[in-house]
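1. Build me a model from this:
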Amino acid sequence: MEFVLGGDFPTWIPVLMESSNALNAVAGKLWNFGQVALGLGFVIFVHELGHFLAAKFFGVKCEKFYVGFDVPISIGPIKLPRTLGKFQWGETEYGIGIVPLGGYVKMLGQDDDPRNAQAEAERIRTGASEGTVVEPSRPALDPRSYPAKPVYARMIIISAGVIMNLLFAVIFAGVAFMYGVPYSPSVLGSVVGGDPGWQEGLKQGDHVIQIGRMTKPDENLHFRELIGLVATSGLNDPKALVPVKLERDGEVKEFAVQGTAKHSRGSGIIQLGIGPATIAKVDSEAPFAPFSFLSKAKVDLQPGDRLLGINGEKLPVDPTTNEIPGYLLTREFQKRFRESVELAVERQVNGQAKTHVVTLPPTPLKSVGLGFRPTPVTAIAKGSIAEKGGVQVGDRIAAIDGEAVSDGWALPLKLAQLGKEKNVVVSFDRPNPESGKEPTRIDITVEKFEPSFDSIAEVAGQLTLKSVGVAFGLETEISSIDPQSAAGQAGLKAGDQLLKIQFSPTDEIKEQFLKFGSKVPDSVIVDESFTPVNFCEVLQHLPDQMKVRVYYKRDDMVKEQDVVIYEVPDQSWYTRGISMSPMMRNHRAKDFGSALVLGYGETKRRLWDVVDFLRMLVTGKVPIQFLGGPVRIVQAASSQAAEGVPAFLLFLTLLSANLAVINFLPIPALDGGHMMFLAAEAVRGKPVDENWQIRLTMAGVLGLLCLMAFVIINDIVQIIR
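-> So this is what the prediction gives:
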């Protein structure tokens, strides 16, 4: 908050308003973190409550019940309090420990700190009544101590925490479904050109109902779940085909798609090259992408406007959402990418729907004056005219209607322009295996078509000739120069090799992108991740007249030169830059019984997710840096809390399942380790030697502390990255 002393009324009112907005934002963050603290604390409380109630049922004295650990912490001469609060009720001390990494129930005769185990064992022997023997093989023990109870009772006490977590996981999810869970459905809004999904024939509007290891279709499959199932399948076997079942135009179709990791920035995560659907409604944050041409043209669109149709034709409404899918609007824009269009807009004014028409001009293509030759074909779509015509991966696009191709970036736009007017011949050259011989020419005739374009990946981007069914990249060697551009006048030449791009955004440009939830890259190497395709695509989102520095190689020397982004006369880009809202559905149970059934299903899925992750971690299929600790748990929980109560409850379901599985691993000091000792005692007819229990527990504690230190450091490193 900024305090202004003095000044007249108009001067300080805006400052106070800004401070008020900042306070509201801070209050919102604090509320989210408050929810997170309560939610995570409740999950721990439920776990410990299970132990506590079971212990009480079997007559075990519970001396402490803590959420968090009340360990002594000193920073130099300063000693921190061990608790945030505590009170005594009956024979039990209840409190909240200063270290929020778990909780515990301290039972008579049981202590997870190996240093106290021996003293605790002596304490219950000393306090035992003379002649009291619970089992023949045991010495006299205090009858209210934990070790005095039969094995089956101790097993129930130890497992009760996990059982409570699973029970409440079902309840959390059930309440979420009673409330109604908003989610992004597994409807495809985009298919990335050249990627596996594109090659296999997945299309915009397809509704995926089963994928990966799913055993039955699910009409309410979340898009986020879909992505996770693909990633899991890829971690298990990166080369395995991912089974996909989807609904298209009322029919069920099945595919088998091999994913790719080229978009994962080195993480190895497998993707299919698909994106979620949007609706034809202007996004609530901002109507346009930063520095879009429509924003500069001051087109009358506002957040929340519904886009009903183009040039007097209404678009069909999806009955499941009662909204127009965004991809239908996108198709209409692409058909008319070189034309101005009349867009029918519905806007809420004082609670009433008002309709008006706005004119959207075509979006000028942006460039820095550099052209790049297309690479050989990298992928071919199944069933396309290219496949039917015998085109193969490795062939090179040579000519359009007999005119040689020199600039691959403009190629899809040129073909779309020609194909709207007439049949077009696309020529490919296939290298001849015999040295010195001319390549083999293959001609494909593309019949007249409506322009349509595929999405470009943000990483490892490719272009496509969608009507032909081929994907290709751009060479890093500059093939042509616009002589009127800054690049041409600065002396760049065809044959120069592009090496690196350095963007120079002003503070204003950076701020605009941050408002949109994005940022302008500073300096990038041109390689397999950031291709010349990505460079040309990024230019479409930057303001004209912005400077860009290019580093290039000529005659084995590295040179650099500033170039300027400009709008190319008489050429149009195929996107309009309108930010559309995500497609959302609401999964709500009909009654409480249905909600519990859905909650059980959700808990079961999350349990298997945790088990599967641990299995892949142990077998080395998942990098250890994928492990998330308390920092990322809080970060994820805060993100889910910001999405609303149902999303947060589903996160608590996942966390409860996670806690249940992890706690029951056979590691000394965890519940699973205690069960391991109890199972051995049940088989042998006598307890495991106390000294061995202490040594193994000490090893388990040290191992857990090392693991905790690793995941916390890993959390911080990954967040910084």
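2. for this protein, what are the low-confidence residue spans?
-> Filtered on pLDDT under 70, the chain yields the residue ranges 1-33, 112-118, 126-139, 266, 514-519, 521, 721.
3. Can you tell me the element the spatially most central residue of it falls in?
-> Computing the C-alpha centroid of the chain and ranking residues by CA atoms, centre = their mean puts Arg224 first, at 7.1 Å. Of the helices and strands defined by DSSP states H and E, Arg224 is found in helix 223-236.
4. swap in Tyr94?
-> When secondary structure is defined by DSSP H and E, Tyr94 falls within strand 92-97.
5. so what strands line up beside that strand?
-> Counting by DSSP bridges, the strands paired with strand 92-97 are strand 62-69 (parallel), strand 83-89 (antiparallel).
6. Go through the ones you listed and pick out the most buried.
-> Here the criterion is mean neighbour count by mean count of other CB atoms under 10 Å, and of those the winner is strand 62-69, at a mean of 19. Using the backbone N, CA and C atoms, a C-beta is placed for each residue, glycine as well.
7. Buried residues, the helix holding Arg224. List them.
-> Residues of helix 223-236 classed as buried: 223, 225-227, 229-236 (neighbour count, 16 or more other CB atoms under 10 Å).
8. ok, back up a step: for the strand holding Tyr94, C-alpha coordinates in PDB please.
-> Coordinates of the C-alpha atoms in strand 92-97 are reproduced here as PDB (Å, rounded to 0.1, in the frame of the first residue of the first chain):
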ATOM      1  CA  THR A  92      -4.500 -36.500  26.300                       C
ATOM      2  CA  GLU A  93      -2.600 -33.300  25.300                       C
ATOM      3  CA  TYR A  94      -3.900 -31.900  22.000                       C
ATOM      4  CA  GLY A  95      -1.900 -29.400  20.000                       C
ATOM      5  CA  ILE A  96      -0.600 -28.000  16.700                       C
ATOM      6  CA  GLY A  97       3.200 -28.500  16.300                       C
END
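9. Which SSE is immediately downstream of it?
-> Past strand 92-97, further along toward the C-terminus, the next helix or strand under DSSP H and E is strand 99-107.
10. Report the strands that pair with that following strand, each with its relative direction.
-> Those paired with strand 99-107 in the sheet (DSSP bridges) are strand 62-69 (antiparallel).
11. Can I get the strand it pairs with in PDB? Just the C-alpha atoms.
-> Below are the C-alpha coordinates for strand 62-69, written out as PDB (Å, rounded to 0.1, in the frame of the first residue of the first chain):
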ATOM      1  CA  CYS A  62      -3.100 -41.800  24.200                       C
ATOM      2  CA  GLU A  63      -0.800 -39.200  25.800                       C
ATOM      3  CA  LYS A  64      -0.600 -36.800  22.800                       C
ATOM      4  CA  PHE A  65      -2.600 -35.900  19.700                       C
ATOM      5  CA  TYR A  66      -0.700 -33.500  17.400                       C
ATOM      6  CA  VAL A  67      -1.100 -32.100  13.900                       C
ATOM      7  CA  GLY A  68       2.400 -31.000  13.100                       C
ATOM      8  CA  PHE A  69       5.500 -31.900  15.100                       C
END
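12. Now the element after it, going C-ward?
-> Following the chain from strand 62-69 toward its C-terminal end, the next helix or strand by DSSP H and E is strand 73-75.
13. Quick check: what element follows that following strand along the chain?
-> Toward the C-terminal end, the helix or strand that comes next after strand 73-75 (DSSP H and E) is strand 78-80.
14. Quick one: list the elements packing against that following strand.
-> For strand 78-80, the elements it packs on are strand 73-75, judged by 3 or more CB pairs under 8 Å, 6 or more residues apart in numbering; DSSP states H and E.
15. Which parts of the stretch 251-400 of the chain are strands?
-> With DSSP state E, counting those that start in this stretch, the ranges of strands along the stretch 251-400 of the chain come out as 251-258, 274-276, 278-282, 306-310, 313-314, 341-349, 352-360, 363-367, 370-374, 379-380, 396-400.
16. Return the set of buried residues in the last one.
-> I take that to be strand 396-400. 396-398, 400.
17. Just send the residues you listed back as JSON lines, with distance to Asn714 too.
-> Supplementary listing: the buried residues of strand 396-400 in JSON lines, determined by distance: CB to CB, whole Å:
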{"residue": "Arg396", "distance to Asn714": "45"}
{"residue": "Ile397", "distance to Asn714": "45"}
{"residue": "Ala398", "distance to Asn714": "50"}
{"residue": "Ile400", "distance to Asn714": "51"}
